[in-house]
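# Got a predicted structure plus its sequence, pasted below:
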Amino acid sequence: MNKKNYLLSLIVFMACMFITVIPESQADTILRMNFNGDVNEDSSNSLNGEWVGTESYSMGLDSNGQSLNLSPTNNNYVIVRHDEMLSGMQQLHISIWAKKNNSEIGGYIINKHNHYVIKIGSNFVNGFITNSQGQCMHIKKYSLASIRNTSWHHYELTYDGEMVRLWVDEQEVAQHNFTGSINTDKSRDLYIGKNPWGSSFDGQIDALEIKNHLGINDNNNSCSSISKNGITWNFDQEYPCGTFANGDYWVVGPVKVIGIRNNYHIYGITPRYGQDGSMINPGTDTRQGYDDSLNSYTESLNVSHPNGMDISDGNPLSLNAGETLVSSVSWLYVSEDNKEPGCPTINGSTGTPRPVLRAAAVLTCLEAVPPEGSFRPPYVGNVKNVNFNISQLQLGLLQNLSTAGLTGIPDPIAMENDFKEVWLDHVHEYLGSYLHPSDNMKVHSGYGQYMAMKIGDASLLLNLNYSELPGSPTKTNLMINMVQLGIDLAGIADNGGYWAPNGGHNVGRKWPILFAGMMLNDDHMKNVGSWTTLFQEDGGTFFVTQEEINRTNESFNHPDYCWIPDSRDIAAGRIQAYTTSDIGLPDWGIRHITQPCRNNGHFDSAYRDINGVANTGFTLAAILMNAKNLWAHDALFDYQDRWWNMKGGDHGSQHVSPFTKSMWTRYR
């Protein structure tokens, strides 16, 4: 099944800021080839392939399946003769998997000359589309380190009649405007794994699918398996299925899951029973069922082994309507010197990577097909009502600020990809950071400070004038992904979750909720300022009162005296009690709302630097979007101004991003 969600085309006109919704018709599969011992076509179109050179197969994506095994030595490849169905389409979606034998040598994996091409190299991928007027669009991505290996990777080329996009492993890497129908040239056959005037591809190719439409959330779709973010769920039969606005999948249930697999573990280490875990409707406490290397693991929460056995046809996992299945991929390791490539450093305190999870994906089981353009309900909790739709988005709330003079502006496509997969954030406190999948949440060590900084950069980026950015990007995908993040965080809070002040772990979660509420005009999320939920950014900021003076001055002999500054500050001599001259001053405390006796007026006290840089981007975004009153905690904003005036975005070894710094300097 197609792995990308194009429910519609959202065209954001920056001058007048409105949405055009283009409904979808049924997506037609033109060609589907799985290469399980033959090169026959698996749809009903009989566009069978022909081997040229030595017929050869190897192990495929699925260990039970096969793939094309090609090499320049054998000069073997597969050809599909031209057919009218392979050209002239108004839209196009090509999906293909490839694995190089040599990380430094690539080649053409699909080539219908003067129509469409996907070519890969050591660390680059190229896509070509030619229209009926003979115009050719070439999109490419270089310096793509993630494919410089001999692992399986998923390559996609899509065209919706307005934009050509190139995808690698479900991440958009390049795009460009283009129009016109696909070219028609009867003399051009379709080559799989071959440049007609050059060598064969050196590696394996599997799971080719070509469609003439991008329709994923088509009410007529059904599937017996779904793949997302490298994770595949297999069912006992076909069920109605589709995608939400952000690309996550839904299925109409109840369904029986007979297999959960992923394509990550190619290094040679086998996951143990308590790794690659899955949970249904996760909770919001400290327990988890994803990876048993942490002491927060609870075996009963891992649904990957129903009845204590592996999932199979005879031992399925039942997924009912109103349930969300969250499946994960663990980092596999034996030691620091024997672990999967890219695995984070082994942490001394836990003896595990930080984080222990590499990837995660979400499958939501519903009672009925949702409306097109629906947002996914939160993955936590037992309520799976589909409450929100892209038709509700209030695009006029986004600013259209000039980019003149700004530095470090993030790449819009890279930023939207950073929020494309689920941000798994339902496990609390310190060990929660170990469960932030590193491929989903591309922040150092899964740490909250860097999550908050990325949220800030993304929010500020959305308020720029995109027409001034190169490559004709749109705000659509990043905006949808940010709104989905807010919906998920709101769901965590609604189910008892919270983010109390704790160093740099829990900062930054309130703004996405407020952002989603504003963009969807939802009163509940817009009123997050009145919630009793603990948010670190609010719980750590306050206006100094007489109580702070009483708590921190032993000489006053006040019964409220209880001062216990952080031991690191005591050792470094960074302690400062509050005085009457501080009353009314906006300040920050490491755990002010839960442990006010730890407040310390010294401006270099532990974690003050981390929270200062973490809070900058999203507070500025809230100000630019006129959300300060809705936020309803002035101490945060006043303290952030104070911190900036004293530190200018650089506090010791901690620094705001160059982009956020230039935005604050220009627009604050």
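Looks like it arrived, so ask away.

# Just give the number of residues close to the residue lying closest to Gly37 once chain neighbours are set aside.
Leaving aside its chain neighbours, Gly37 sits nearest to Gln66 (5.7 Å; criterion: CB to CB, 6 or more residues apart in numbering). Bear in mind the C-beta positions are built from the backbone N, C-alpha and C, glycine included. Residues lying near Gln66 (other CB atoms under 10 Å) number 19.

# any idea how far Gln204 is from Gln66?
To Gln204, Gln66 is 9 Å away according to CB to CB, to the nearest Å.

# Which residues are in contact with each of these two?
Common neighbours of Gln66 and Gln204 (criterion: CB atoms under 8 Å, 6 or more residues apart in numbering): 58-60.

# could you flag which of those are buried?
In these, burial by neighbour count holds for 58, 60, counting by 16 or more other CB atoms under 10 Å.

# can you pull out the helices in this structure?
412-418, 429-432, 448-461, 476-494, 510-520, 523-526, 536-539, 546-552, 567-572, 608-624, 628-631, 634-647, 658-667 (DSSP state H).

# Output the below-cut-off pLDDT ranges for the stretch 1-150 of the chain.
Within the stretch 1-150 of the chain, the stretches with pLDDT under 70 are 1-27, 43, 63-64.

# residues touching the nearest residue to Gln171 once chain neighbours are set aside, list them.
If the residues on either side of it in the chain are set aside, Gln171 comes closest to Asn417, at 4.4 Å by CB to CB, 6+ apart. Going by CB under 8 Å, 6+ apart, Asn417 touches 171-173.

# would you list those in JSON lines and tack on neighbour count?
Conversion of the contacts of Asn417 to JSON lines gives the following (neighbours: other CB atoms under 10 Å):
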{"residue": "Gln171", "neighbour count": "21"}
{"residue": "Glu172", "neighbour count": "20"}
{"residue": "Val173", "neighbour count": "25"}
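
# With respect to Glu162, which of those residues is nearest?
Glu172 (14.8 Å; CB to CB).

# Look up how far Asn212 lies from the closest one.
Glu172 is 20 Å from Asn212, by CB to CB.

# And for Pro470?
Taken as CB to CB, the span from Pro470 to Asn212 is 30 Å.

# For the two, work out which one has more neighbours and name it.
Neighbours were counted for Pro470 and for Asn212 using other CB under 10 Å; Asn212 has more, 20 against 8.

# What residues are bridge-paired with the closest residue to Leu363 other than its chain neighbours?
Leaving aside its sequence neighbours, Leu363 sits nearest to Leu325 (CB to CB, 6+ apart; 4.5 Å). Bridge pairing for Leu325 (DSSP bridges) gives the partners Ile280, Leu363.

# you'd agree Leu325 is up against Leu319?
Yes: the pair Leu325 and Leu319 qualifies as a contact (CB atoms under 8 Å) at a distance of 5.6 Å.

# what touches both of the two?
257, 280, 363, 365.

# Now distance to Gln91, pLDDT and neighbour count too, for the residues you listed, in a markdown table please.
As requested, these are exported to a markdown table (distance: CB to CB, whole Å; pLDDT from 0 to 100; neighbours: other CB atoms under 10 Å):
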| residue | distance to Gln91 | pLDDT | neighbour count |
| --- | --- | --- | --- |
| Val257 | 31 | 97 | 26 |
| Ile280 | 36 | 98 | 20 |
| Leu363 | 26 | 98 | 26 |
| Cys365 | 29 | 98 | 23 |
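
# From those, pick the one nearest Ser87.
Nearest member of the shared contacts of Leu325 and Leu319 to Ser87, counting by CB to CB, is Leu363, at 35.0 Å.

# Distance check, that closest one against His265.
Separation of Leu363 from His265 (CB to CB): 20 Å.

# same check, this time on Phe556
Separation of Phe556 from His265 (CB to CB): 62 Å.

# Equivalent analysis for Lys442, please.
Counting by CB to CB - Lys442 and His265 are separated by 20 Å.

# and His444, how many residues sit next to it?
His444, neighbours per other CB under 10 Å, totals 12.

# right, and it touches Met451 too?
No: under the criterion of CB under 8 Å, His444 is not in contact with Met451, lying 9.8 Å apart.

# where does the stretch 151-300 of the chain have low pLDDT?
Scanning the stretch 151-300 of the chain for pLDDT under 70 picks out 214-220.

# And the strands in it?
Taking DSSP state E, counting those that start in this stretch to define them, one finds strands in the stretch 151-300 of the chain at 152-159, 163-168, 171-177, 190-192, 203-211, 222-228, 231-243, 249-252, 255-262, 278-280.

# I'd like to know which elements the fourth one is packed against.
With contacts defined as 3 or more CB pairs under 8 Å, 6 or more residues apart in numbering; DSSP states H and E, the secondary structure elements packing on strand 190-192 are strand 77-80, strand 107-112.

# Can you list the helices and strands that the first one packs against?
Strand 77-80 sits against strand 50-52, strand 190-192, with contacts defined as 3+ CB pairs under 8 Å, 6+ apart.

# got JSON lines for those, with distance to Thr232 and mean neighbour count too?
Below are the helices and strands packed on strand 77-80 laid out as JSON lines (distance: least, CB to CB, whole Å; neighbours: other CB atoms under 10 Å):
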{"stretch": "strand 50-52", "distance to Thr232": "28", "mean neighbour count": "14"}
{"stretch": "strand 190-192", "distance to Thr232": "22", "mean neighbour count": "24"}
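
# Dump those into CSV; add distance to Pro501 as well.
Formatted as CSV, the helices and strands packed on strand 77-80 follow (distance: least, CB to CB, whole Å):
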stretch, distance to Pro501
strand 50-52, 64
strand 190-192, 56
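
# between the ones you listed, which gets nearest to Ile118?
Taking CB to CB, strand 190-192 is the member of those nearest to Ile118, at 10.4 Å.

# Give me the sheet partners of that closest one and which way each runs.
Strand 190-192 has the following sheet partners, assigned by DSSP bridges: strand 77-80 (antiparallel), strand 107-112 (antiparallel).

# Single out the most deeply packed of these.
strand 107-112 (a mean of 24; mean count of other CB atoms under 10 Å).

# Measure how far that one is from the centre of its chain, please.
Between the centre of strand 107-112 and the centre of its host chain there is 29 Å, according to CA atoms, centre = their mean, to the nearest Å.

# Number the residues from 495 up from this point.
Understood, numbering begins at 495; the last thing we discussed is strand 601-606.

# Show residues contacting that strand.
Contacts with strand 601-606, where a contact means CB under 8 Å, 6+ apart, come from 580-581, 588, 590, 592, 610-614, 649, 682-690, 692-697, 699, 702.
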